[in-house]
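> Any chance you can model this:
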Amino acid sequence: MKKACKKCKILVKGNECPICKGTSFTNSWKGRIYIHNVEKSEIAQKVGIKVKGEYAIKTS
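Got it, this is the predicted structure:
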């Protein structure tokens, strides 16, 4: 099961966030969004995503 970084909201399987290098994760997340092209994605620009990947929409 994937977990979400509490800071970046990127979904990961490992023990370190590939974006912020943090180790604070949550298993309580809802919804997901896939960002394939950061430069062309309006959603990525609006929420400040700078790296392509799979993100949780809501974390708790």
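
> Does the residue nearest to the spatial centre of the chain have any beta-bridge partners, and if so which?
The structure's the chain has its C-alpha centroid closest to I10; by C-alpha atoms, centre = their mean the separation is 1.7 Å. Counting by DSSP bridges, I10 forms beta bridges with Y55.

> Verify the contact between it and T59 for me.
No: between I10 and T59 there is no contact under C-beta atoms under 8 Å: 10.6 Å. C-beta coordinates here come from the backbone N, C-alpha and C atoms, glycine included.

> Mind pulling the model confidence for the residue lying farthest from the centre of the chain?
Centroid-distance maximum for the chain: K40 at 17.5 Å, with C-alpha atoms, centre = their mean. pLDDT, K40: 97.

> roughly how far apart are it and E16?
Using C-beta to C-beta, to the nearest Å, one obtains 28 Å as the distance from K40 to E16.

> Would you mind pulling up the elements that the one helix or strand I33 maps to packs against?
Assigning secondary structure by DSSP states H and E places I33 in strand 29-35. Packing partners of strand 29-35 (3 or more C-beta pairs under 8 Å, 6 or more residues apart in numbering; DSSP states H and E): helix 42-47, strand 53-59.
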